[in-house]
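Novice: Quick one: sequence plus predicted model below, questions after.
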Amino acid sequence: MTVAVKTAVYKPLAAFWQKVEDFKLLVKLRLTLTVVFSSVMAYLIAVPGPISGLSIAILAVGGFLVTAAANVLNQVLEKDYDRLMKRTANRPLATGRMKVADAVLWAGLMSMLGITALALFNPWTAFFGTLALVSYAFLYTPLKRISPIAVAVGAVPGALPTLIGAAAAEGYISALGLTLFTIQFFWQFPHFWSIAWLGREDYEQAGYKLLPGPEGQKEQYTALQSFLYALVLIPVGFLPMSLGVAGWIATTCIVVSSVFFAYLGWRLYRNNDRKSALHLMFFSFVYIPLVLVVLLLDQL
């Protein structure tokens, strides 16, 4: 095969894979799949009768599309700021590899299809899906450059997937759904702030005001807040048992995990160093899947 023929073959193939990679970056694939996992797990925990594979598929597709649409809109609004941060500089809109008009079209199509899929369950799932999309893209995103209150605002759409999953299973807003929402809501503060602590220079470069506290003390104050929010998860861990959906073994696993999570937050506050922030961040990735898996196994 000549060089010219090889080039003719490989160039379109390389362009295709670049588009695939760009789409993955555009929808924040790993984050979106994590959201879908939380929603499906909440559905499995809350479903009162036989499990429907079709329902799980519809929930997963609907949740994926709505989350992906929110992430696309987030990047449309932040493309100029993404260029200023190392961790986001290679995004397709920031580099110009994708047009804004194309991204908006993707967001529109995915949001309509996603909300329609969620509406197949009941009005609550469609409402919460819409609320998550709108609050993430149009409240949390612009607030990031104004005040650290953005973290609290963003924790709402971040926790809604569990409530959507429970509502899809039960058909109404239940105490179980609200409990799962509460766990994921408070978890997000140490999770996000450990990430923000590690990437604070990058965020400041782009003008994001995500770390709480006065100037010169932001790292220490952020660590303290991370510890306090993780601490709240300890009593919250008893809520599933009070609802009769978790036994002592599951509750012990959840509470012990919460105590360890709080300990890591305290260690970050005490040491105020990168190693402690990394430990808190890595365990935050484990915490929610662990809690959801434990609750599901307790149903079996």
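Specialist: Yep, that arrived. Numbers count the residues shown, from 1 in each chain.

Novice: Only C-alpha atoms from now on, for both contacts and neighbour counts.
Specialist: Will do.

Novice: What part of this protein, helix or strand, is modelled with the least confidence?
Specialist: Counting by mean pLDDT, DSSP states H and E, the weakest-scoring helix or strand in the chain turns out to be helix 3-27, with a mean of 74.

Novice: wait, doesn't Pro289 sit right on Val36?
Specialist: No - because the distance of 11.6 Å does not satisfy Cα atoms under 8 Å, Pro289 is recorded as not touching Val36.

Novice: Look at the two and report which has more neighbours.
Specialist: Under the criterion of other Cα atoms under 10 Å, the comparison of Pro289 against Val36 puts Val36 first, with 23 against 15.

Novice: roughly how far apart are the more buried one and Arg200?
Specialist: Applying Cα to Cα, to the nearest Å, the value for Val36 to Arg200 is 28 Å.

Novice: Pretty sure Val294 sits against Ala250.
Specialist: Yes - at 5.8 Å, Val294 and Ala250 qualify as touching, with contact defined as Cα under 8 Å.

Novice: Okay, now the unreliable bits of the stretch 1-150 of the chain?
Specialist: Within the stretch 1-150 of the chain, the segments meeting pLDDT under 70 span 1-11.

Novice: Looking at Val294 and Ala250, which is more packed in?
Specialist: Set side by side, Val294 and Ala250 show more neighbours around Ala250, with 23 against 18, by other Cα under 10 Å.

Novice: tell me the average confidence for the helix or strand encompassing that one?
Specialist: Using DSSP states H and E, Ala250 maps to helix 248-271. Averaging pLDDT along helix 248-271 gives 97.

Novice: Now do that helix: which elements does it pack against?
Specialist: When contacts are defined as 3 or more Cα pairs under 8 Å, 6 or more residues apart in numbering; DSSP states H and E, helix 248-271 sits against helix 218-236, helix 239-242, helix 274-299.

Novice: Which positions within that helix qualify as buried?
Specialist: 250-251, 253-255, 257-269 (16 or more other Cα atoms under 10 Å).

Novice: Would you map the helices across the stretch 101-250 of the chain?
Specialist: Along the stretch 101-250 of the chain, the stretches classed as helices by DSSP state H, counting those that start in this stretch are 123-135, 141-143, 149-170, 175-198, 200-205, 218-236, 239-242, 248-271.

Novice: tell me the angle the third one makes with helix 175-198.
Specialist: Okay, so that is helix 149-170. Calculated by axes from the mean of the first three to the mean of the last three Cα atoms, to 10 degrees, helix 149-170 forms an angle of 150 degrees with helix 175-198.

Novice: For helix 149-170, output the C-alpha coordinates as CSV.
Specialist: Output for helix 149-170, consisting of C-alpha atoms alone and laid out as CSV, is shown next (Å, rounded to 0.1, in the frame of the first residue of the first chain):
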residue,chain,number,x,y,z
ILE,A,149,-22.9,29.5,46.9
ALA,A,150,-22.7,27.9,43.4
VAL,A,151,-21.5,24.7,45.1
ALA,A,152,-24.7,24.5,47.2
VAL,A,153,-26.9,25.3,44.1
GLY,A,154,-25.0,22.7,42.0
ALA,A,155,-25.5,20.1,44.7
VAL,A,156,-29.3,20.1,44.0
PRO,A,157,-29.1,18.9,40.3
GLY,A,158,-26.2,16.7,41.4
ALA,A,159,-28.4,14.9,43.9
LEU,A,160,-31.6,14.8,41.8
PRO,A,161,-30.6,11.6,39.9
THR,A,162,-31.3,9.4,42.9
LEU,A,163,-34.7,11.2,43.5
ILE,A,164,-35.5,10.7,39.8
GLY,A,165,-34.7,7.0,40.0
ALA,A,166,-36.8,6.5,43.2
ALA,A,167,-39.7,8.4,41.6
ALA,A,168,-39.5,6.3,38.5
ALA,A,169,-39.8,3.2,40.6
GLU,A,170,-42.4,4.4,43.1
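
Novice: Nice, that's everything, thank you.
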